[in-house]
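Undergrad: sharing a model that was predicted from the sequence below.
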Amino acid sequence: MKMDARPPVLGTDALHVSVGARDVCRGLDFTLQPADTLVILGRNGAGKSTLLHTLAGLRAPAGGSVLLSGQPYAAWPRGHEACLRGLLAQSQPDFFSATVLETALVGRHPYLGRWDWEGPEDEAIAMVALEQMGLAGFAERQVPTLSGGERQRLAIAALLVQQPRLYLLDEPLAHLDLHHQIQVLDHFAMLAAGGAGVTMVLHDINLAARYASHVLLLDGEGGHAFGRAAEILTAPRLSAAFGHPLRAVQDGDTTLFVPA
Ligand SMILES: Nc1ncnc2c1ncn2[C@@H]1O[C@H](COP(=O)(O)OP(=O)(O)OP(=O)(O)O)[C@@H](O)[C@H]1O
């Protein structure tokens, strides 16, 4: 059997994350391999964004460690982590007086020297990403003229332009209509199939069931359940985590979770 020599995309070792006086998770151990898609679920305030920022290396854990491509963040040469992992934050900064293309090109910055300008190759990468996010005709538009969903797709396009090995997505479906929700999730599924790692915070349990290979369910009090999606996504576990009864409904091979 041929062994995959690439290190895991992401890992945690006894990770302890807290915010204020509360624990988000204690003793969290998981490994995300290339082609895995991890969905983080939990009620409002459970700490999903806080955990995602910790996984992105932007927030120090209270204990334990995060391993990006097999090494702690501190072990990577300065700036190199941006070539390995990209974060889609929950709220996007305002890009005033910038065009859509200029904004998408921000994703190339990790690859440019301090005094370099983006070249035609960078521009070609950005144009492809804009097209993939349904923004092909928007390149010269000013960002403040975009709708909420268009801005969200632009933020995703800028992340695609970054071409990291690990995508960390905080509520990537925010502001998106149904068609674009599926388009975006299909796109990340395609990137995962090509060997990327995807970790995303979602609120829609049924979309989580459709796209996740693994699920991390936070209980909001520091406890968690991690495992393969089918093992974690059960009505009793989800009802307890969300504090609302859910029942499982079978539709052919698909299990749907319906709130009572
Ligand atoms: N500096 C802080 N001090 C104390 N509590 C904080 C601080 N920053 C955030 N919190 C709290 O920590 C908790 C976790 O916040 P976080 O944004 O990670 O939750 P979340 O699971 O992503 O929530 P949501 O589903 O609402 O987006 C929240 O209850 C939030 O109010």
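TA: Nice, I can see it.

Undergrad: would you mind measuring from the residue of the chain found nearest the ligand to Leu58?
TA: Proximity of the chain to the ligand (Cβ to the nearest ligand atom) peaks at Gly20, 2.8 Å away. Quick note: C-beta positions are derived from backbone N, CA and C, even for glycine. Going from Gly20 to Leu58 by Cβ to Cβ, to the nearest Å gives 17 Å.

Undergrad: who has more neighbours, the two?
TA: Leu58 (13 against 6; other Cβ atoms under 10 Å).

Undergrad: wait, doesn't the more buried one sit right on Leu87?
TA: Yes. Using Cβ atoms under 8 Å, Leu58 is in contact with Leu87, at 7.3 Å.

Undergrad: report the buried residues of stretch 25-34.
TA: Across stretch 25-34, burial judged by 16 or more other Cβ atoms under 10 Å covers Cys25, Arg26, Leu28, Phe30, Thr31, Leu32, Gln33, Pro34.

Undergrad: does any bit of it sit next to the ligand?
TA: No. With Cβ under 6 Å from any ligand atom as the criterion, the ligand is not reached by stretch 25-34; the gap is at least 10.9 Å.

Undergrad: contact partners of that stretch?
TA: With Cβ atoms under 8 Å, 6 or more residues apart in numbering as the contact definition, stretch 25-34 has outside contacts at 4, 6, 8-17, 38, 47, 51, 64, 165-166, 195-197, 199, 214, 216, 218, 222-224, 226.

Undergrad: just the mean pLDDT for stretch 122-140, thanks.
TA: Here stretch 122-140 scores 95 as its mean pLDDT.

Undergrad: likewise stretch 219-226?
TA: Averaging pLDDT along stretch 219-226 gives 95.

Undergrad: and the end-to-end length of that stretch?
TA: With Cα to Cα, to the nearest Å as the measure, stretch 219-226 spans 11 Å from end to end.

Undergrad: any idea how far the residue of the chain closest to the ligand is from Gly79?
TA: From Gly20 over to Gly79 the distance is 31 Å, taken as Cβ to Cβ.
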